[in-house]
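Q: Next comes the sequence, and after it the predicted model I'd like to discuss.
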Amino acid sequence: MLSLDDFLEKSKDRAKILNNFREKTDLELSHKTVVCIPDLHLLEKGPTDDFYEGNEANLDRFLSLLDFLVEHKESLQVVQLGDMFDLWQARGNTNLVYEAYPSVLGLLDEELGSTYVIGNHDIDIVEWYQEQNITFNRLWRYFLEENADKQKRVIFEHGFQADFFNNQGTWSGAIGREITEIVGLMEYVYPDIDVVLGESWERFKRIFSIYNAGLSAKKNPDFSQHEYSTYYIDLMEKYNAGDTDDIEAPTDLVLAVIAHTHKARLVSRPRNNRSYYLMDCGSWVNGGHEFGIIAGNEFAVCEWEA
Amino acid sequence: MRKKFINKYLMLLTLLFFFSACSLSNESLSLDEIKSDLNCFTYEDGMRWQIIKEEFGEPDLAPLPSGKGLSRNTRVYEDKVVIFHTELNKIKVDGKTRYEEIISRVEICKHK
């Protein structure tokens, strides 16, 4: 296993901790180094492709991260956190995305043997051949239990499950998808419309957030730095108590790893004598270049410089 | 003055939203569904996909991948009805591992 410090050192300053998002627990989470790749939203390199953004440097930067991971693949596990493809806007499902990014997809699939969690923008992959049970190795959620006492201490989900307007299992998620697809078409007229409307929506939601109530951390002691922290701490407690129908329960979870929001954060909150953590690994869209690392009992959100 | 600007902005946004919504239609078919009306035979394999693309231009249809993996794809030209099966091929570029798409099989088809 590469420790977090080993990983940073071997990267020769290309990997850097983002905003001091680095934490340590008393429990061992993994005896492997796990690299968590957030949303990529790969398309066909066209005007709506927010990964490529008409700039080859964005692709080169991601390839240089993958090259580094391939170099150390014996001691690594890669988990892609969903929304690898943006099938809500794709011209030809995953087909023409493979044409645009053969090396990205070849390295993730063939060289790194990545584990894939499904996202709301690529959930179609598991729906095409649902009747034949063909899922292309996509998982709804994934548990890491690669530690000395074989305890499941880390849960990976995309994060849409906590998002009212993007939970694909509900009517509200279906409405959210339709609106997002329309905004995607509007990008042909104004490429950054998704960013502008996304920011406006976040500001609007914040006013009505029951945790933040439009207040800052100073004014409100219950201020949450992440809108999904309560959802995921509840989920981890539920799993730890064995209070689910999932055969994976009971667990010993302390860390939930997600993406979806495109806003990297690492937050913690104590509950019932345990510190729970939520690591949001950011994205590789609209200039984002973040990823998460878990090694031993340490974890961090990093950014990758070309 | 500001109110007027906001009204114009909202109207433009609504129009843009409406026209974008009207052009939403994107249903992919599986290869089996596309071939149901064609008679096909296998042509040859091993050619680079990019050569075909340069000759024929953009494919007209992009069917869903086969059930064997997302990297195994097929592309269709409607007028000629040629079907190319593709997969990823590992290569070395400046000492680094890279992948390119190659054609593993070509099907030439006619309408029944």
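A: Thanks, I have it.
Q: Ramachandran coordinates for the closest residue to A:Pro38 other than its chain neighbours?
A: Closest residue in space to A:Pro38, ignoring its immediate chain neighbours: A:Ala259 at 3.4 Å, by CB to CB, 6 or more residues apart in numbering or on different chains. For glycine as for every other residue, the C-beta is placed from the backbone atoms N, C-alpha and C. Dihedral pair for A:Ala259: phi -140, psi -120, per degrees, to the nearest 10.
Q: what's the answer for A:Gln130, then?
A: The phi/psi pair for A:Gln130 (degrees, to the nearest 10) is phi -50, psi -40.
Q: Return the per-residue confidence for it.
A: Predicted confidence (pLDDT) at A:Gln130: the value is 90.
Q: check contacts around it.
A: By CB atoms under 8 Å, 6 or more residues apart in numbering or on different chains, A:Gln130 lies in contact with nothing.
Q: so the residue nearest to A:Pro38 sits right up against A:Asp39, yeah?
A: Yes: using CB atoms under 8 Å, A:Ala259 is in contact with A:Asp39, at 5.0 Å.
Q: quick one: common contacting residues for those two?
A: In contact with both A:Ala259 and A:Asp39: A:81-83, A:119, A:283, using CB under 8 Å, 6+ apart.
Q: near chain B, from these?
A: The subset of these lying close to chain B, counting by CB under 8 Å from any CB of the partner chain, is empty.
Q: Drop anything exposed from those residues.
A: Among these, the ones that count as buried by 16 or more other CB atoms under 10 Å in any protein chain shown are A:81-83, A:119, A:283.
Q: Quickly check: the lengthiest strand in chain B near chain A or not.
A: The residue-count maximum for a strand in chain B (DSSP state E) belongs to strand B:96-111. Yes: contact of strand B:96-111 with chain A (CB under 8 Å from any CB) involves B:96-101.
Q: by contact count, what packs against that strand?
A: The contact analysis (3 or more CB pairs under 8 Å, 6 or more residues apart in numbering or on different chains; DSSP states H and E) places strand B:96-111 against helix A:56-71, helix A:102-106, strand B:38-42, helix B:49-56, strand B:82-93.
Q: if we go to 10 Å?
A: The contact analysis (3 or more CB pairs under 10 Å, 6 or more residues apart in numbering or on different chains; DSSP states H and E) places strand B:96-111 against helix A:56-71, helix A:95-100, helix A:102-106, helix B:31-35, strand B:38-42, helix B:49-56, strand B:73-77, strand B:82-93.
Q: Any chance of the ones you listed in JSON lines with mean neighbour count, distance to A:Glu305 and mean pLDDT as columns?
A: What follows is these, written out as JSON lines (neighbours: other CB atoms under 10 Å in any protein chain shown; distance: least, CB to CB, whole Å; pLDDT from 0 to 100):
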{"stretch": "helix A:56-71", "mean neighbour count": "17", "distance to A:Glu305": "8", "mean pLDDT": "97"}
{"stretch": "helix A:95-100", "mean neighbour count": "23", "distance to A:Glu305": "24", "mean pLDDT": "96"}
{"stretch": "helix A:102-106", "mean neighbour count": "23", "distance to A:Glu305": "18", "mean pLDDT": "98"}
{"stretch": "helix B:31-35", "mean neighbour count": "15", "distance to A:Glu305": "42", "mean pLDDT": "92"}
{"stretch": "strand B:38-42", "mean neighbour count": "12", "distance to A:Glu305": "48", "mean pLDDT": "77"}
{"stretch": "helix B:49-56", "mean neighbour count": "14", "distance to A:Glu305": "31", "mean pLDDT": "78"}
{"stretch": "strand B:73-77", "mean neighbour count": "22", "distance to A:Glu305": "33", "mean pLDDT": "89"}
{"stretch": "strand B:82-93", "mean neighbour count": "18", "distance to A:Glu305": "22", "mean pLDDT": "94"}
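Q: okay, the ones you listed in TSV with distance to A:Thr135 next?
A: Listed next are the helices and strands packed on strand B:96-111 as TSV, based on distance: least, CB to CB, whole Å:
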stretch	distance to A:Thr135
helix A:56-71	24
helix A:95-100	18
helix A:102-106	17
helix B:31-35	19
strand B:38-42	29
helix B:49-56	26
strand B:73-77	18
strand B:82-93	20
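Q: ok, back up a step: ok, so of the residues of strand B:96-111 next to chain A, who is nearest chain A?
A: Distances from chain A to the residues of strand B:96-111 next to chain A, taken as CB to the nearest CB, are shortest for B:Tyr99 (2.9 Å).
Q: Skipping its backbone neighbours, what lies nearest that closest one in space?
A: A:Gly106 (2.9 Å).
Q: what do you get for A:Gly92?
A: B:Ala62 (2.6 Å).
Q: residues touching that neighbour, list them.
A: Each residue near B:Ala62 by CB atoms under 10 Å, 6 or more residues apart in numbering or on different chains is listed here: A:44, A:90-99, B:28-29, B:73-76.
Q: go again using 8 Å as the cut-off
A: For B:Ala62, the contact set (CB under 8 Å, 6+ apart) comprises A:91-93, A:95-96, B:28, B:73, B:75-76.
Q: Closest to A:Glu157 out of those residues?
A: For the contacts of B:Ala62, the residue nearest A:Glu157 by CB to CB is A:Asn93; the value is 23.3 Å.
Q: Could you count how many residues lie near the residue lying closest to that closest one once chain neighbours are set aside?
A: What sits nearest to A:Asn93 in space, not counting adjacent residues and going by CB to CB, 6+ apart, is B:Ser28, at 4.9 Å. Neighbourhood size, B:Ser28 [other CB atoms under 10 Å in any protein chain shown]: 20.
Q: report the longest strand in chain A, please.
A: If you go by DSSP E, chain A has its longest strand at strand A:15-24.
Q: Helices along chain A, start to end?
A: A:4-10, A:56-71, A:95-100, A:102-106, A:171-186, A:193-208, A:229-240 (DSSP state H).
Q: Which among those helices is found nearest to B:Lys80?
A: Between the helices of chain A, helix A:95-100 lies closest to B:Lys80; by CB to CB that is 18.4 Å.
Q: so what does that closest one touch, helix or strand wise?
A: Helices and strands touching helix A:95-100, as assessed by 3+ CB pairs under 8 Å, 6+ apart, comprise strand B:73-77, strand B:82-93.
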